[in-house]
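S.K.: sequence and computational prediction follow.
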Amino acid sequence: MYNYRKVTDDLYWVGGNDRRLALFENIHPLYHGVSYNAYVLLDKKTVLIDTADWAVGQQYFENINAVLDGRNLDVLVINHVEPDHAALIEEVLLRWPKVKIITTRKAVTILKQFGFPIDIDKVDMVDEGDTRSFGKHTFVFVKAEMVHWPEAMVSYDTTNGVLFSADAFGTFRSLDGKLFSDEYDFRGEWIDDARRYLTNIVGKYGPPVQHLLAKASGLDIKFICPLHGPVWRDPMDIAYILDKYVHWATYEPEEKGVMIVYGSMYGHTENAAEVLAHKLCERGITNTRMYDASSTHVSYLISDIFKYSHLVLACVTYNLGIFPPVKDFIHDMQALNVQNRTVAIMENGSWAIRSGSLIKEEISKMKRMRILDEGVTMASSLQSQNMPDLDALADAIAADLKK
Ligand code: FEO
């Protein structure tokens, strides 16, 4: 049965939800599912904006047919060709062979790479600032290169201020019947999923996101229709998510706070991290989060490093190197271009203690990172002789946060 939702008088959400997918992009765990959004505009011409993943194909076509209600489909706008949005293009072409595709030249190249039998004569290739009118509605197309792939564009309906934002402003989590962000407790329940989505998927591409935000600031945006997650229509919500995006894209911490990540084999490094956390709390620093790198998927660690200003890495030495789960986290931070954080290091080992110096080396390769002089080196476990260093570290972090 069809299950679409109205966005405006003549615009409909025709996507679907996938609560069975375990790993998004086969790497990021999903515990609350994900939605694949697509939209149909009923104007003089009928316009389908993006397709979806195979997983929601049946729902997607039932929705489109119900919204079209016997009308033909005239236009397919493709904003992004990653297969979670492009998988159904071929099926759309089979069902509506005369549909005109509007997309970028780069998108056509990538679709061909994926083996889509695109007839170039059926493609209307658009460039930055090009417009197309469908009757009452006129779209302007804006390139969104590297948000998240090089072919991406966003489409802005100049008639009613709807921005079809592709991956931008999307979030993990399936929709619960509710479509709009103001129908959810977004700031309480959803924001962590929104951050984990954006930072892990597009975190590396802060400058292109900044570029897109600058272009978007010149538009009178009334609705944001992303490819995942809720639609934005409340001006306060739109301002809220735009502000978050500015932080994530510029690598500015959202909050002054401490993220403690430990890599511990038998619990002794973990104990040292716990003691530090208590000492921070005793100094009035309560905005803290602690994670075991071994049991936390790295996508959650990446999400929180985009949130907090300070990072403590407490790490045992393993095979004369950095404990692998902590090393993975550092490599992911490097890959995603994380920068502008203050880092403190606590190292452990029963002989040849090297994790601290190696972590310092890795962090030093990153941009605008500050490593605190204060740190802790312990042999096997935290001992009374380590306490002055631990206190000094807690003092230094607390003083920094209270600036
Ligand atoms: Fe949801 Fe870059 O695709």
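M.R.: Nice, thanks for sending it over. In this text, all values refer to a predicted model and were calculated from it rather than measured experimentally.

S.K.: just want the residue of the stretch 201-350 of the chain that's nearest the ligand.
M.R.: Closest residue of the stretch 201-350 of the chain to the ligand, C-beta to the nearest ligand atom: Leu227 (5.2 Å). In short, each C-beta sits where N, CA and C put it, glycine included.

S.K.: revised request: answer the last question for the chain.
M.R.: Glu82 (3.7 Å).

S.K.: what about the residue lying closest to that residue once chain neighbours are set aside, helix or strand, and which?
M.R.: Distance criterion C-beta to C-beta, 6 or more residues apart in numbering; nearest residue to Glu82, sequence neighbours excluded, is Trp149 at 5.9 Å. Trp149 belongs to no helix or strand when elements are defined using DSSP states H and E.

S.K.: you'd agree Trp149 is up against Asp84?
M.R.: No - using C-beta atoms under 8 Å, Trp149 makes no contact with Asp84, being 11.3 Å away.

S.K.: compare these two (neighbour count), which wins?
M.R.: When neighbours are counted by other C-beta atoms under 10 Å, Trp149 and Asp84 differ, and Asp84 comes out ahead with 22 against 18.

S.K.: just to be sure, Leu280 is in a helix?
M.R.: Yes - Leu280: assigned to a helix according to DSSP: H, G, I helix; E, B strand; the rest coil.

S.K.: thought it was touching Ile397?
M.R.: Yes - the criterion here is C-beta under 8 Å, and Leu280 meets it with Ile397 at 6.3 Å.

S.K.: just the helices in the chain please.
M.R.: 57-68, 83-86, 89-95, 105-113, 191-202, 206-216, 235-250, 268-282, 298-305, 324-335, 355-364, 387-401 (DSSP state H).

S.K.: winner for burial among these?
M.R.: Across these, the average number of neighbours (mean count of other C-beta atoms under 10 Å) peaks for helix 191-202, which reaches a mean of 23.

S.K.: neighbouring contacts of that helix?
M.R.: Contact with helix 191-202 is made by 25, 28, 32, 146-148, 167-168, 170-173, 186, 209, 228-229, 241, 244-245, 248, 299-300, 302-303, 306-307, 336, as judged by C-beta atoms under 8 Å, 6 or more residues apart in numbering.

S.K.: mean confidence (pLDDT) on it, please.
M.R.: For helix 191-202, mean pLDDT is 96.

S.K.: before we move on, what about stretch 106-118?
M.R.: 93.

S.K.: and the contacts of that stretch?
M.R.: 78, 80-81, 83, 86, 89-90, 93, 101, 120, 123, 125, 145, 149-151, 153.
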